[in-house]
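Peer 1: coordinates only, sequence not included:
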Ligand SMILES: [Zn+2]
């Protein structure tokens, strides 16, 4: 019997599929054609079945689906380590906002490129971003080869991207039109928060998200201060405010969701609202611990995100997975909650659901060939008993040997394939010097 052609056959010691049965396969292979997985299974069987255009031997590696960063502000990489360990309003007013005011579209682009490099280097293949002049982040995703869901931050006041709200709505439409047919970049609608918008903006932006059939994302219930401000400004807690506006739905994704009551979690679950949990940012800004265990038990879909690099300070989903598991255990005083399987789901299949992107999140026929290979020769990866637990608790991202999106290698054995990394580092250094010298 003649062999079937495929573009690429990838072999590995072990493959975490994240399929419905959560199969973990040993001595496994994946067949890839036109950026999609066509077959997954035993390596010997697939080698006999296929005649690949290219054989990618990753036999010292464990392969898992590329990780999905559900909430970040990519260009804030340029503010990494600028100011740490400060009260929130001092940090924002005296350090972050003055520097952001100096950001030009070109600076935003360089920051987004650095973010893409960091994420690709640490096994993230898709990120959801909310920032200013988001077209520059989309451009970075386009160049670097990563997948992205981009959302221009919507505010009631002018932003560097628009002078007034009419211009903002035009910009959202233009961004949508520009990327609607892009294979790796989608747009979403992202009003910043309840305290930086108004009811009209929230309603109108939600209608836009329905029209574009895309996620509608907002920072919500990040800490007790936000709840207090909501009560003072609107006479309601954040969840009730959104519920009354009719914007809680299956396309709604709340970032953080820390300060929630039992009843609010029940409302979010009933409306199929999803959450992007950002444990490290929540810990670093002392916002608190999101009630992930209660959310999941109530039936909510919870994804995982890093938030921006100014409040993390990494865009590393391996580090985020470890933090998510450990934080739940310590707040619940229960080592059985947020187990490795749930946390990996948050970073893969749940993330795909949060982004309304069913083609990603697992390695099975018909899905995109978005994957990451971890070097099992790293000391911290041996011995290997339980691959999922190893990925969540032992891996730190430094083991990533290869990152692939839509069948294309973006990073392999220390080298970025799609852009000039040393030149990017030069640009980052120049911006750092300029921001320091021209401190507001
Ligand atoms: Zn955020």
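Peer 2: Now that the structure is in, tell me what you want to look at. Everything numeric here is computed off the predicted structure, so don't read it as measured data.

Peer 1: Mind listing what's buried along stretch 143-161?
Peer 2: Neighbour-count burial for stretch 143-161 flags 144-155, 159-161 (criterion: 16 or more other C-beta atoms under 10 Å). From N, CA and C alone the C-beta is placed, and that goes for glycine too.

Peer 1: quick one: which of those is nearest residue 241?
Peer 2: Checking the buried residues of stretch 143-161 against residue 241 by C-beta to C-beta gives residue 154 as the nearest, at 16.1 Å.

Peer 1: List the beta-bridge partners for that closest one.
Peer 2: Beta-bridge pairing for residue 154 (DSSP bridges): residue 191.

Peer 1: How far does stretch 261-278 stretch from one end to the other?
Peer 2: When the termini of stretch 261-278 are compared using C-alpha to C-alpha, to the nearest Å, they are 18 Å apart.

Peer 1: Just give me how far it sits from the chain centre.
Peer 2: 19 Å (C-alpha atoms, centre = their mean, to the nearest Å).

Peer 1: Touching it from outside, list them.
Peer 2: 70-71, 128, 217, 221, 237, 239-240, 243, 248-250, 252-257, 260, 290-292, 294-295, 298-307, 320, 324, 346, 350, 353-354 (C-beta atoms under 8 Å, 6 or more residues apart in numbering).

Peer 1: In strands, which of those appear?
Peer 2: 70-71, 128, 217, 252-256, 302-304 (DSSP state E).

Peer 1: between the buried residues of stretch 143-161, which is closest to residue 24?
Peer 2: Looking across those and measuring by C-beta to C-beta, the closest to residue 24 is residue 147, at 23.8 Å.

Peer 1: Would you mind confirming that that closest one is in contact with residue 370?
Peer 2: Yes. Residue 147 is within contact range of residue 370, at 6.7 Å (criterion: C-beta atoms under 8 Å).

Peer 1: got any residues that touch both of the two?
Peer 2: Listed as contacting both residue 147 and residue 370 by C-beta under 8 Å, 6+ apart are 66, 125-126, 360, 405-406.

Peer 1: who touches residue 219 in this structure?
Peer 2: 192-193, 254-256.

Peer 1: Residue 389: what's it in contact with?
Peer 2: Contacts of residue 389 by C-beta under 8 Å, 6+ apart are residue 340.

Peer 1: for the one 5 residues further on, same thing?
Peer 2: Taking C-beta under 8 Å, 6+ apart, we find residue 394 in contact with 380-381.

Peer 1: Offset the numbering so it begins at 26, please.
Peer 2: Okay, using 26 as the starting number, the last item reads as residue 419.

Peer 1: among the ones in strands among the contacts of stretch 286-303, which two are most distant?
Peer 2: 277 and 329 (17.2 Å).

Peer 1: next SSE after the helix or strand of the chain with the lowest mean pLDDT?
Peer 2: Ranking every helix and strand in the chain by mean pLDDT, DSSP states H and E puts helix 113-116 at the bottom, with a mean of 86. Per DSSP states H and E, the first helix or strand lying C-terminal to helix 113-116 is helix 122-125.

Peer 1: Next, the buried residues of that following helix.
Peer 2: Buried residues in helix 122-125 (16+ other C-beta under 10 Å): 124-125.

Peer 1: Looking at the following helix or strand past it now, give me its mean pLDDT.
Peer 2: Sequence order places helix 130-146 as the next helix or strand after helix 122-125, per DSSP H and E. Averaged across helix 130-146, pLDDT comes to 98.

Peer 1: What is helix 130-146 packed up against?
Peer 2: Under the contact criterion of 3 or more C-beta pairs under 8 Å, 6 or more residues apart in numbering; DSSP states H and E, helix 130-146 touches strand 149-156, helix 159-169, strand 425-430, strand 433-437, strand 440-441, helix 446-462.

Peer 1: which of those is buried the deepest?
Peer 2: strand 149-156 (a mean of 29; mean count of other C-beta atoms under 10 Å).

Peer 1: tell me the mean pLDDT over it?
Peer 2: For strand 149-156, the per-residue pLDDT averages 98.

Peer 1: now that strand and strand 277-281, what's the angle there?
Peer 2: Orientation of strand 149-156 against strand 277-281 (axes from the mean of the first three to the mean of the last three C-alpha atoms, to 10 degrees) gives an angle of 90 degrees.
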